[in-house]
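Undergrad: The amino acid sequence is not available; the structure is as follows:
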């Protein structure tokens with residue numbers, strides 16, 4: 001597949017991506033478990049195929065008349081591959097996927113049974129909506145909800161480790177009232193809003209010829225940890241919360257930088273190979289695998305796709321990682337901070353905008369200072385991030401991600417943009433009103449005749465920036481590793497659509513709707529100069545970890561929302577309601593529902609962590625510590641009975657008893673705090689942030705101090721060294 005083309009299920013590859021090295025083998029294997037591409041072409045009548053493709057590629061309304069034909073073809077294909085059931089696969093506000101399986105086999109009145117799957121069953125489902133988070137949109141007694149087929153994302157066959165195969169049909173999920181109860185519906189609305197406003201810009205530049213629409217493109221890197229499943233099952237915290245609530249640092253972490261990009265262990269490589277095989281079958285274009293920074297931490301990354309498909313594929317990727325890990329005797333940990341004191345995990349969200357013909361609108365190309373269309377799209381992103389930094393920050397807020405952001409391993413909680421030397425130089429020129437040149441990187445001579453000269457990029461990379469331009473896309477690095485990426489991309493698409501609307505309006509006002517080239521250039525320079533001057537405060541190319549940047553950001557007036565409790569209020573502002581409703585992405589009620597769900601999730605996660613920690617301390621750590629205390633006391637008594645000096649052992653016993661008492665006091669305080677509650681959501685979040693979270697840290701410190709001096713045969717759970725290093 002050429003990177004500029006669109007395949008038959010609407011997958012858009014950005015210009016920087018490459019093809020499989022063996023196209024023949026890849027075409028036979030890639031996506032063979034998806035109802036797309038060649039499968040649809042072979043199984044559908046040509047007129048039905050053409051109508052379905054028109055909906056998939058151009059976004060035209062689905063013709064209901066073709067539904068039965070598509071459903072029969074999809075059923076026959078699924079059954080041939082061993083499927084007995086189908087499900088509408090959707091993304092409720094839980095942050096994971098949901099599915100209810102129905103059998104193809106239907107009993108008849110004469111006692112026989114036939115395999116049936118109608119167009120109506122394909123297009124519409126009716127799951128119970130009362131037990132999913134709705135933020136007040138649905139009460140328990142209001143149960144009706146609907147799923148609606150999203151034909152732009154290919155249906156797929158998912159086989160579990162037992163070999164049971166199910167046809168999964170990607171769908172939207174809405175209430176009986178028509179309000180969105182999922183993450184796909186607003187994402188699709190936001191993509192539509194982005195397309196509408198981007199097309200206005202393209203029309204002004206005369207670049208809309210043959211372009212039917214604009215899409216967001218996306219590629220999400222996924223970091224994760226692998227630990228032995230047998231060890232993970234011995235830790236209540238990993239099973240209940242996804243992270244270790246207690247655990248002293250191992251003698252060695254990632255100080256030697258010897259794990260990053262190191263040789264992949266054989267068992268892990270076998271796991272990775274099976275994950276890739278499963279994902280290739282499901283049409284997920286995974287490309288890269290490697291060791292990450294921390295011990296037992298790894299990463300995979302796909303090629304770029306249409307954002308809607310990429311979001312679905314990301315959810316599939318997380319499911320496959322967990323499923324295959326258990327087959328290989330591992331537990332896959334996707335939590336942002338499963339181990340304290342070492343590198344956490346993120347999900348770098350590589351986002352761009354492309355036309356339906358495959359042109360990347362964020363590709364600066366050569367002589368960037370003359371590429372006025374690119375500069376308009378760049379300015380729109382800069383303006384969007386500056387005006388709506390609070391919502392962008394809130395879009396990646398969660399209790400797990402609070403452990404990672406700003407921890408000198410991940411971007412700070414301050415939203416800023418890294419542009420690099422070349423683009424920074426150009427916006428300097430734009431602000432002065434006279435863009436004249438594009439800085440080039442030249443070449444690097446490595447000093448050995450056997451080594452080639454390396455083309456040097458015009459700009460460095462910045463790993464401390466939460467939102468970095470990386471050549472022809474923006475890398476939103478602050479997204480957490482457990483996140484369902486539909487939501488941050490919905491926010492990103494919406495705020496950029498608002499900025500494109502603003503810029504298109506300004507250009508149309510200054511130059512008219514059909515301007516001459518000269519008039520358009522004059523208008524563009526004037527608008528860009530004004531936008532850059534007002535919004536470049538959000539651009540920062542320095543060290544995002546430094547205290548100096550925090551002080552500088554405060555001077556610039558940039559928000560610094562250090563925790564989820566600080567950030568989520570951004571979705572309750574009039575500004576947020578206006579921008580989401582104006583572009584028909586979320587109604588005020590739908591937005592408020594998402595705020596309520598996010599608040600509830602934050603409070604629930606911390607509540608689970610409290611109860612888990614208390615149970616571990618009461619039933620595991622304290623009994624082990626008291627056993628050790630008794631052993632020390634016995635040693636002291638025996639030594640004194642032998643009339644031998646044991647001052648040091650007595651001091652050790654006193655210190656140990658003091659540590660045990662500190663743990664008792666700390667866990668008692670945590671129990672008291674966790675029993676308190678506030679009716680007001682914001683007050684509850686502040687209480688958890690300011691009271692419970694520090695108390696959890698205090699209990700942890702007491703546990704970890706005891707672990708360091710407790711005999712290993714007494715310690716009740718696997719240690720960091722055992723889980724991460726001793727394999």
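TA: Good, I have the coordinates. Since we're looking at a predicted model, the values are computed, not measured.
Undergrad: helices and strands around the longest strand seen in the chain, which ones?
TA: Under DSSP state E, the strand in the chain containing the largest number of residues is strand 165-175. Counting contacts by 3 or more C-beta pairs under 8 Å, 6 or more residues apart in numbering; DSSP states H and E, strand 165-175 packs against helix 67-80, strand 83-89, strand 145-149, strand 155-159, helix 184-204. (C-beta placed from N, C-alpha, C; glycine too.)
Undergrad: average pLDDT for the fourth one?
TA: When pLDDT is averaged over strand 155-159, the result is 96.
Undergrad: now stretch 230-240: how far from the chain's centre is it?
TA: 24 Å (C-alpha atoms, centre = their mean, to the nearest Å).
Undergrad: First-to-last residue distance for that stretch?
TA: 15 Å (C-alpha to C-alpha, to the nearest Å).
Undergrad: Can you pull out the residues in contact with that stretch?
TA: With contact meaning C-beta atoms under 8 Å, 6 or more residues apart in numbering, stretch 230-240 is reached by 227, 243-246, 329, 331, 333, 338, 608, 612-613, 615-616, 620, 717-718, 722-723.
Undergrad: so how many other residues sit close to residue 614?
TA: Using other C-beta atoms under 10 Å, the number of residues around residue 614 comes to 18.
Undergrad: List the buried residues in stretch 502-521.
TA: Going by neighbour count (16 or more other C-beta atoms under 10 Å), the buried part of stretch 502-521 is 502, 503, 504, 506, 507, 508, 511, 515, 520.
Undergrad: Let me know whether the second one touches residue 527 as I believe.
TA: Yes - judged on C-beta atoms under 8 Å, residue 503 makes contact with residue 527 at a distance of 6.3 Å.
Undergrad: Now for these two: what residues contact both?
TA: Common neighbours of residue 503 and residue 527 (C-beta under 8 Å, 6+ apart) are 376, 379.
Undergrad: Distance of residue 136 relative to residue 95?
TA: 18 Å (C-beta to C-beta, to the nearest Å).
Undergrad: Which one's more surrounded, the two?
TA: Using other C-beta under 10 Å, the more surrounded residue of residue 136 and residue 95 is residue 95, with 18 against 11.
Undergrad: Please tell me the pLDDT value assigned to that one.
TA: Predicted confidence (pLDDT) for residue 95: 92.
Undergrad: Let me see the ranges of the helices in the stretch 551-700 of the chain.
TA: Remark: helices assigned in the stretch 551-700 of the chain by DSSP state H, counting those that start in this stretch are 564-567, 574-582, 588-616, 622-641, 647-674, 681-687, 693-709.
Undergrad: ignore the last one, the stretch 1-150 of the chain
TA: 23-29, 37-43, 46-58, 67-80, 119-123.
Undergrad: Save the ones you listed as a markdown table, and put in distance to residue 683, mean pLDDT and mean neighbour count too.
TA: Formatted as a markdown table, these follow (distance: least, C-beta to C-beta, whole Å; pLDDT from 0 to 100; neighbours: other C-beta atoms under 10 Å):
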| stretch | distance to residue 683 | mean pLDDT | mean neighbour count |
| --- | --- | --- | --- |
| helix 23-29 | 55 | 51 | 12 |
| helix 37-43 | 53 | 91 | 16 |
| helix 46-58 | 48 | 92 | 16 |
| helix 67-80 | 50 | 96 | 19 |
| helix 119-123 | 45 | 94 | 18 |
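Undergrad: Among the ones you listed, which comes closest to residue 392?
TA: For residue 392, the closest of those is helix 46-58, at 29.8 Å, according to C-beta to C-beta.
Undergrad: and the angle for that closest one with helix 67-80?
TA: Counting by axes from the mean of the first three to the mean of the last three C-alpha atoms, to 10 degrees, helix 46-58 points 90 degrees away from the direction of helix 67-80.
Undergrad: And the residue of the chain most remote from its centre, how far from residue 707?
TA: Distance from the centre of the chain peaks at residue 643, with 64.8 Å (C-alpha atoms, centre = their mean). From residue 643 across to residue 707, the span is 34 Å (C-beta to C-beta).
Undergrad: on that earlier part again, tell me the most buried of the helices of the stretch 551-700 of the chain?
TA: Of all the helices of the stretch 551-700 of the chain, helix 564-567 has the most neighbours on average by mean count of other C-beta atoms under 10 Å, namely a mean of 25.
Undergrad: What helices and strands are in contact with it?
TA: By 3+ C-beta pairs under 8 Å, 6+ apart, helix 564-567 packs against helix 389-395, helix 399-402, helix 588-616, helix 681-687.
Undergrad: Reformat those as a markdown table; add distance to residue 150 and mean pLDDT.
TA: Converted to a markdown table, the helices and strands packed on helix 564-567 look like this (distance: least, C-beta to C-beta, whole Å; pLDDT from 0 to 100):
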| stretch | distance to residue 150 | mean pLDDT |
| --- | --- | --- |
| helix 389-395 | 21 | 97 |
| helix 399-402 | 27 | 95 |
| helix 588-616 | 18 | 96 |
| helix 681-687 | 32 | 91 |
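Undergrad: Tabulate those in JSON lines, adding columns for distance to residue 374.
TA: Compiled in JSON lines, the helices and strands packed on helix 564-567 are given as follows (distance: least, C-beta to C-beta, whole Å):
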{"stretch": "helix 389-395", "distance to residue 374": "22"}
{"stretch": "helix 399-402", "distance to residue 374": "32"}
{"stretch": "helix 588-616", "distance to residue 374": "32"}
{"stretch": "helix 681-687", "distance to residue 374": "41"}
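Undergrad: And these: which comes nearest residue 579?
TA: helix 389-395 (7.9 Å).
Undergrad: for the stretch 301-450 of the chain, which spans come out with low pLDDT?
TA: Flagging of the stretch 301-450 of the chain using pLDDT under 70 yields the residue ranges 406-409, 441-442, 444-446, 449-450.
Undergrad: what about the helices in it?
TA: Under the criterion DSSP H, counting those that start in this stretch, the stretch 301-450 of the chain carries helices at the ranges 307-327, 372-387, 389-395, 399-402, 420-432.
Undergrad: In JSON lines: those, plus mean neighbour count and distance to residue 145.
TA: Shown next, in JSON lines, are the helices of the stretch 301-450 of the chain (neighbours: other C-beta atoms under 10 Å; distance: least, C-beta to C-beta, whole Å):
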{"stretch": "helix 307-327", "mean neighbour count": "22", "distance to residue 145": "19"}
{"stretch": "helix 372-387", "mean neighbour count": "23", "distance to residue 145": "32"}
{"stretch": "helix 389-395", "mean neighbour count": "25", "distance to residue 145": "24"}
{"stretch": "helix 399-402", "mean neighbour count": "25", "distance to residue 145": "27"}
{"stretch": "helix 420-432", "mean neighbour count": "19", "distance to residue 145": "46"}
